[in-house]
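Engineer: Need coordinates for the following:
(chains A and B)
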Amino acid sequence: MASLKALKIRIGSVKSTQKITKAMKMVAAAKLRRAQDAAVAGRPYAERLEAVMASLAGRVGIAPGASPLLAGTGKDQVHLIVIATSERGLAGAFNTNIVRAARRKAEELIAAGKTVKFYVAGKKGRVIKRFFPNDILADHEMGQIKRLAFSDAQEISEDLIKRFGEGQFDVAHLFYAKFVSALVQVPTGIQIIPIPLSAIPGAEAKPGAPAEAVVEYEPDEEAILADLLPRNVAIQIFRALLENAASEQGSRMNAMDNATRNAGDMITRLSIQYNRTRQAAITTELVEIISGAEALK
Amino acid sequence: MLHFELVTPEKLVRSEEVYMVVVPGTEGDFGVLEGHAPFMSTVRDGGVQIFRTQNGTPEVIAIKGGFAEVNAKGLTVLAEHAGE
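Structural biologist: Got it, this is the predicted structure:
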């Protein structure tokens, strides 16, 4: 059995661990609220852009000569998997789940004979290097970002579109954790390049169909669409990053809540053990004194 | 009155009833009053002028990377950045 002193030290250390996890939980809860607000604030823009894209894409359709961002490169060989994770750990299974979902998709694609490359956004996604050491296309640094801004998503999107233009890949998927609630985050993969029309509600081509209202376009429909496509990629990424940020905090809050509770249980257990040991020591001492006194009689 | 909305990816910057808005379109500035015909245009970087009343001085908001849509509900300007 451990000595009294050792037990006491142990209890002290678990208590200070509990203080830390409790503080981390509070911080995560506060950050979660901010992240959720940011995600909600981003919704109107995404909705309106989507509505406009839907009406335009439905009208223009995928004609020959349409932007490759919409029509694709005509090939389906090289797939790029963008993994968006957090910069910090201690968020439960958050990062692991995203990486696992991405890995599964990669293995599926490889089994189907495709080439897979990776684009890592967020420090914790780098573990993918362990599985696919030679297929990392780029590692996007996000450590310096304090508050996620649209320009951060734009940077990634511009980089991706540039690489797409250079023919480095044909299809890009983005993996992130979709925020369902503070308790539930679902690792999700979406296709971002080429923009899947099916993902835009109401855009399933009715090319040449007359518009509901006669809308004037300036310049013309194609030019506007071409202008909007890269923006759509950026907004998809921005949205995913916002959701990811909220999911990260939700996941961390949970993990830290569990850790705090576990520490509490451990303290109770150790305290009981401490008290018992102390009691045993007192009893032993008493027995010694009494038997010593008895012997002197 | 014209219903005017200015939206960026980060937030809804403006949503209000105004008299007229002058938008810097790619092919020239255009003013939008109530009851404007449906219209869609890309926007160059510049200032959106918001006239609250007919003869008032406009409020100018600088926007970057944008796009404007006029429909029955009013005018919506989507911009990547909007600073005042």
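Engineer: confidence score at residue A:1?
Structural biologist: We have a pLDDT of 57 for residue A:1.
Engineer: and the host helix or strand of residue A:108, average pLDDT?
Structural biologist: Following DSSP states H and E, one finds residue A:108 within helix A:94-111. When pLDDT is averaged along helix A:94-111, the result is 92.
Engineer: list the helices and strands it packs on?
Structural biologist: Using 3 or more Cβ pairs under 8 Å, 6 or more residues apart in numbering or on different chains; DSSP states H and E, the elements in contact with helix A:94-111 are strand A:78-84, strand A:115-121, helix A:128-131, strand A:171-179, strand A:185-193, helix A:221-296. Any C-beta I mention is one placed from the backbone N, CA and C, and that applies to glycine too.
Engineer: how about the helix or strand hosting residue A:17: buried residues?
Structural biologist: Applying DSSP H and E as the criterion places residue A:17 in helix A:4-41. In terms of neighbour count (16 or more other Cβ atoms under 10 Å in any protein chain shown), helix A:4-41 has its buried residues at A:7, A:10-11, A:14, A:17-18, A:21-22, A:24-25, A:28-29, A:31-32, A:35-36, A:38-39, A:41.
Engineer: hang on, the earlier thing: for the helix holding residue A:108, buried residues please.
Structural biologist: Buried-residue list, helix A:94-111, by 16+ other Cβ under 10 Å: A:94, A:95, A:97, A:98, A:99, A:101, A:102, A:103, A:105, A:106, A:109.
Engineer: ok, of those residues, which one's closest to chain B?
Structural biologist: Taking Cβ to the nearest Cβ as the measure, chain B lies nearest residue A:98 of the buried residues of helix A:94-111, at 22.3 Å.
Engineer: Spell out which parts of chain B neighbour chain A.
Structural biologist: Proximity of chain B to chain A, by Cβ under 8 Å from any Cβ of the partner chain, involves residues B:5, B:7-12, B:25-27, B:37-42, B:65, B:67, B:69, B:71-72, B:76, B:78, B:80-81.
Engineer: Now, those that are in strands?
Structural biologist: B:5, B:7, B:12, B:25, B:39-42, B:65, B:67, B:69, B:71, B:76, B:78, B:80-81 (DSSP state E).
Engineer: for residue A:278, what are its contacts?
Structural biologist: Residue A:278 makes contact with residue A:4 under the criterion Cβ atoms under 8 Å, 6 or more residues apart in numbering or on different chains.
Engineer: same question, the one 10 residues further on
Structural biologist: Listed by Cβ under 8 Å, 6+ apart, the contact set of residue A:288 is empty.
Engineer: Quick check: it vs chain B, distance?
Structural biologist: Between residue A:288 and chain B the computed distance is 75 Å (Cβ to the nearest Cβ, to the nearest Å).
Engineer: Buried ones among the residues of chain B next to chain A?
Structural biologist: B:5, B:7-11, B:25-26, B:39-42, B:65, B:67, B:69, B:71, B:76, B:78, B:80-81.
Engineer: hang on, the earlier thing: how about TSV for the helices and strands packed on helix A:94-111, with mean pLDDT added?
Structural biologist: Listed next are these as TSV, based on pLDDT from 0 to 100:
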stretch	mean pLDDT
strand A:78-84	90
strand A:115-121	89
helix A:128-131	84
strand A:171-179	91
strand A:185-193	89
helix A:221-296	92
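Engineer: need those in CSV with distance to residue A:155, can you?
Structural biologist: Listed next are these as CSV, based on distance: least, Cβ to Cβ, whole Å:
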stretch, distance to residue A:155
strand A:78-84, 13
strand A:115-121, 10
helix A:128-131, 20
strand A:171-179, 15
strand A:185-193, 15
helix A:221-296, 9
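Engineer: Leaving out chain neighbours, which residue sits closest to residue A:7?
Structural biologist: residue A:274 (4.5 Å; Cβ to Cβ, 6 or more residues apart in numbering or on different chains).
Engineer: go on, residue A:94?
Structural biologist: residue A:251 (3.8 Å).
Engineer: quick one, what contacts that neighbour?
Structural biologist: For residue A:251, the contacting residues are A:91, A:92, A:93, A:94, A:177, A:185, by Cβ under 8 Å, 6+ apart.
Engineer: per-residue pLDDT, the residue located most distally from the centre of chain A?
Structural biologist: Most distant from the centre of chain A: residue A:297, at 77.4 Å, with distances by Cα atoms, centre = their mean. Here the pLDDT value assigned to residue A:297 is 80.
Engineer: now do residue A:26
Structural biologist: For residue A:26, the model assigns a pLDDT of 95.
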